[in-house]
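K.L.:
Mind folding the following:
(one chain, ligands or ions: 2)
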Amino acid sequence: MSEPRRSIATVCLSGTLEDKLAAASAAGFDGVEIFENDLIASAASPAEIRAYCRDLGLSIDLYQPFRDFEAVPPARFRQNLRRAERKFDVMEQLGTDLVLVCSTVSPEAVDDDELAAEQLRELAERAQRRGMRVAYEALAWGRFVNTYEHSWRIVRRADHPALGLCLDSFHVLSRGGDPALIRTIPGEKLFYLQLADAPQLDMDVLQWSRHHRLFPGQGSFDLTTFAGNVLDAGYSGPLSLEVFNDVFRQADPKPAAVDAMRSLRLLEERLGLPVAEPAPDLDGYAFAEVVADPGTAARLADGLAALGFAETGEHRSKPVRRWEQGGARVLINTSGAGPDTAEIGALAVESADPLRSARRAEAMSSPILPRERGPQEAGLVSVAAPDGTGVFFCDTAADDGWRGDFRDTAAPAAGLITGIDHVSLTQPFDHFDEAALFCRSVLGLEPEEVTEYAAPFGMVRNRGMVDATRSVRIALNGALVRRGEWAPAVRDPQHIAFTCTDVLAAAERLRASGAPVLPIPDNYYDDLDARFDLDPDLLGALRRGSVLYDRDAGGEFLHLFTELFGSRVFLELVQRVGDYAGYGVGNAPVRMAAHRRQRMTAFGR
Ligand SMILES: O=C(O)c1ccc(O)c(O)c1
Ligand SMILES: [Mg+2]
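P.N.:
Ligands and ions are numbered 1, 2, ... in the order given. The predicted structure is shown next:
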């Protein structure tokens, strides 16, 4: 199949109708569903909107919604027909021929399929006279019609060429509906397809729909199977996004529309449509880069040295130094950071084919970043994650790899640290889903379970993103709501976690060398003892070394943290025993409180 048309409902985006249309066009959408409220609030006439859309290269694929039309007493029916004719007038000026009618929630309506079919037939007849069509959609909370099977029975009964179905993944999947029967509906009766994902929530379906819908790939619905059935049935209209979401309603519409486009492309890929080259296999981290002011950089360098890293190289043209131990590489970049600042400026993954990774990123709406490059330097390609972190695609072993950008100053050290286990990034609360979608679509990572926990300064959500072989893990963290302005000390923490073959031994050495290990309070160890009944020697060693502990079905996890370098960056050593799959998030509140104590002490408060 060729590329489908891609549309987006104006309700997905923030702003005035004009803002929304401009954003949809800039992100590359072919068409829009115009929501009535957006049009009503606009000062532009429908004809002007039509011209504006044409200039933007957007078709108007659907006008919506028309509510509470069918299965009503005669007097109300006459009024509804009059109302419909007025909307057809608007559609004529807009130049669109498809109106969405959602199943009634009116208390005046009656439970009578025959009447519903008859009245919809009359509506379709009037639409047809004006060259228009009607798409009937079963809302999950419709008074009598709340499944697509039921809406299809009514449409079949009405039997009019200008009456068909609008299928909306949310309404079907939120009710646990079986999308397989969609295949039995003739394709020409499928007038429109709306796509929305959602997190699995146990709540009233209307509230769920109006506040928590997500773009495909951001939630937990199986949209691939759903949309696959619709395409298999012979549907040939646009793939259209219809997402009601409190966060997107107030987000900058330009990046939100790009995010939306990315979600559609990922879905198309899952549907087997030709969108982008598959994500090349990844094989661990090439490096992580910390950008810091010189003072913070010096303290970070001391910290790395205490952990057994050696400074092994100096960049040929930039103020960047390379630190290494085993396969763990950290670049410290001292350009451009303000005082008391360190942040993870970039992470670099080993790609089986960096150029293919770059082409995929571009196909997934993540443009390659422009880059200044010295004469002897490698052609490194990078893209920006939604939070601005650079992501480089590398082949370290290649003759012309990135290592050549550095003058080697010393040999790499060997020690207990062997590589980078994961990088943890904190997202602003309203960019969490966007970040996860970026990792999924651009890097080909798969999401792990979402964990939510109560931390000292608010609820925090954690979700790991991993490649198939778990060689690249990115831990995404974020507050569930906008962070309280009062919350002191540590803002949006980020960290690099190193794989360590023996965290307890490392802790001993660090203690002896006076390294900036984050002290963990006794209360934590008393609780560990209560929870896990650990061997007293092990518990003692954990307590002495400020090493934290966790356990899951697969194995055990030992980890320790450094103090902060600057306002937000710290390091972690982790040891996975057996098949432990997590990140020790249960220990995160203890770590956060400890980091806060460190910062308050440092500032003499
Ligand atoms: O929430 C609603 O009312 C509403 C309206 C139109 C739709 O297409 C829909 O899925 C929901
Ligand atoms: Mg809908």
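
K.L.:
going forward, measure contacts and count neighbours with C-alpha atoms only.
P.N.:
Noted.

K.L.:
could you point out where the protein is predicted with low confidence?
P.N.:
1-2, 374-376, 487-489, 603-605 (pLDDT under 70).

K.L.:
Going by the annotation, which residue ranges form each domain of it?
P.N.:
6-270, 282-602 (automatic domain parsing).

K.L.:
Nearest to residue 276 among those would be which one?
P.N.:
Closest to residue 276 of the domains of the chain, according to CA to CA: domain 282-602, at 5.5 Å.

K.L.:
residues touching residue 392, list them.
P.N.:
Contacts here follow CA atoms under 8 Å, 6 or more residues apart in numbering; on that basis residue 392 touches 346-349, 380-383.

K.L.:
Selection in ChimeraX covering whichever of those are buried, please.
P.N.:
ChimeraX command restricting the contacts of residue 392 to the buried ones, with burial defined by 16 or more other CA atoms under 10 Å:
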select :346,347,348,349,380,381,382,383
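
K.L.:
which one of the contacts of residue 392 sits closest to residue 141?
P.N.:
residue 383 (42.2 Å).

K.L.:
How about residue 553: what's its closest non-neighbour residue?
P.N.:
residue 580 (7.3 Å; CA to CA, 6 or more residues apart in numbering).

K.L.:
Please work out how many residues are found near that neighbour.
P.N.:
Residue 580 has 17 neighbouring residues, counting by other CA atoms under 10 Å.

K.L.:
Tell me who's in contact with it.
P.N.:
Shown in contact with residue 580 (CA under 8 Å, 6+ apart): 551-557.

K.L.:
ok, back up a step: Serialize the domains of the chain to JSON lines and add fields for distance to residue 276.
P.N.:
Formatted as JSON lines, the domains of the chain follow (distance: least, CA to CA, whole Å):
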{"stretch": "domain 6-270", "distance to residue 276": "7"}
{"stretch": "domain 282-602", "distance to residue 276": "6"}
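
K.L.:
quick one, phi/psi of the residue nearest to residue 553?
P.N.:
With angles defined as degrees, to the nearest 10, residue 580 sits at phi -60, psi 130.

K.L.:
can you give me the helices in the stretch 451-600 of the chain?
P.N.:
With DSSP state H, counting those that start in this stretch as the criterion, the stretch 451-600 of the chain has helices at 503-513, 522-532, 536-545, 588-602.

K.L.:
Now tabulate those in JSON lines and tack on mean neighbour count.
P.N.:
Output for these, formatted as JSON lines (neighbours: other CA atoms under 10 Å):
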{"stretch": "helix 503-513", "mean neighbour count": "17"}
{"stretch": "helix 522-532", "mean neighbour count": "13"}
{"stretch": "helix 536-545", "mean neighbour count": "16"}
{"stretch": "helix 588-602", "mean neighbour count": "17"}
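
K.L.:
closest to residue 112 out of the ones you listed?
P.N.:
Closest among the helices of the stretch 451-600 of the chain, using CA to CA: helix 588-602, at 56.4 Å.

K.L.:
how far off helix 522-532 does that closest one point, in degrees?
P.N.:
Counting by axes from the mean of the first three to the mean of the last three CA atoms, to 10 degrees, helix 588-602 lies at 170 degrees to helix 522-532.

K.L.:
how much space between the residue nearest to residue 553 and residue 285?
P.N.:
In this view, residue 580 and residue 285 are 20 Å apart by CA to CA, to the nearest Å.

K.L.:
and the nearest residue to residue 81 once chain neighbours are set aside, backbone torsions?
P.N.:
Sequence neighbours aside, residue 123 is the residue nearest to residue 81 in space, at 7.0 Å (criterion: CA to CA, 6+ apart). Backbone dihedrals for residue 123, given as degrees, to the nearest 10, come out at phi -60, psi -50.

K.L.:
gap between residue 123 and residue 151?
P.N.:
Residue 123 is 15 Å from residue 151, where distance means CA to CA.

K.L.:
now residue 160
P.N.:
14 Å.

K.L.:
more neighbours, the two?
P.N.:
Per other CA under 10 Å, whichever of residue 160 and residue 151 has more neighbours is residue 151, with 26 against 20.

K.L.:
Now for the more buried one: which residues touch it?
P.N.:
Applying CA under 8 Å, 6+ apart, the residues near residue 151 are 103, 136-138, 145, 165.

K.L.:
can you check residue 313 too?
P.N.:
Each residue near residue 313 by CA under 8 Å, 6+ apart is listed here: 321-323, 406-410.

K.L.:
For PyMOL, write the select line for the buried members of these.
P.N.:
One line in PyMOL is enough to select the buried ones among the contacts of residue 313; burial here means 16+ other CA under 10 Å:
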select buried, resi 321+322+323+406+408
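
K.L.:
so can I have CSV of the contacts of residue 313 showing secondary structure and distance to residue 263?
P.N.:
Shown next, in CSV, are those (DSSP: H, G, I helix; E, B strand; the rest coil; distance: CA to CA, whole Å):
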residue, secondary structure, distance to residue 263
321, strand, 37
322, strand, 36
323, strand, 37
406, strand, 38
407, strand, 41
408, strand, 42
409, coil, 45
410, coil, 45
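
K.L.:
can you put the contacts of residue 313 in CSV and add distance to residue 362?
P.N.:
Below are the contacts of residue 313 laid out as CSV (distance: CA to CA, whole Å):
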residue, distance to residue 362
321, 30
322, 29
323, 31
406, 28
407, 32
408, 33
409, 36
410, 37
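
K.L.:
ok, which pair from the contacts of residue 313 is furthest apart?
P.N.:
323 and 407 (12.4 Å).

K.L.:
that older thread, hmm, which two among the contacts of residue 151 are most spread apart?
P.N.:
Spanning the widest gap among those are 145 and 165, at 12.7 Å by CA to CA.

K.L.:
What's the local residue count around residue 570?
P.N.:
Residue 570, neighbours per other CA under 10 Å, totals 24.

K.L.:
Return the residues in contact with it.
P.N.:
Residue 570 sits next to 493-496, 561-564 when contact means CA under 8 Å, 6+ apart.

K.L.:
from what I can see residue 369 touches residue 385, true?
P.N.:
No - using CA atoms under 8 Å as the test, residue 369 is too far from residue 385 to be in contact (10.8 Å).

K.L.:
Compare those two and say which is more crowded by neighbours.
P.N.:
residue 385 (17 against 14).

K.L.:
shouldn't the more buried one be in contact with residue 368?
P.N.:
No - using CA under 8 Å, residue 385 is not in contact with residue 368, being 11.0 Å away.

K.L.:
and the nearest residue to residue 103 once chain neighbours are set aside, what does it touch?
P.N.:
Spatial nearest neighbour of residue 103, chain neighbours left out: residue 138 (5.0 Å); criterion: CA to CA, 6+ apart. Taking CA under 8 Å, 6+ apart, we find residue 138 in contact with 102-103, 145-148, 150-151, 166-167, 171.

K.L.:
rerun that using 7 Å as the cut-off
P.N.:
Applying CA atoms under 7 Å, 6 or more residues apart in numbering, we find residue 138 in contact with 102-103, 145-148, 151.

K.L.:
mind listing which of those are in helices?
P.N.:
148, 151 (DSSP state H).

K.L.:
tell me the secondary structure for residue 255?
P.N.:
Counting by DSSP: H, G, I helix; E, B strand; the rest coil, the backbone at residue 255 sits in helix.

K.L.:
Check the burial of it by counting its neighbours.
P.N.:
17.

K.L.:
likewise residue 98?
P.N.:
Residue 98: 24 neighbours (other CA under 10 Å).

K.L.:
I figured it was touching residue 62, is that so?
P.N.:
Yes - the pair residue 98 / residue 62 is scored as a contact, 5.0 Å apart, by CA atoms under 7 Å.

K.L.:
Can you list the neighbours in contact with the helix or strand hosting residue 302?
P.N.:
For residue 302, the host element (DSSP states H and E) is helix 294-306. Helix 294-306 is contacted from outside by 332, 334, 340-342, 510, 515-516, 565-566, using CA under 7 Å, 6+ apart.

K.L.:
So of the residues you listed, which two are at opposite extremes in space?
P.N.:
Across the contacts of helix 294-306, the longest distance by CA to CA is 25.9 Å; it joins 334 and 510.
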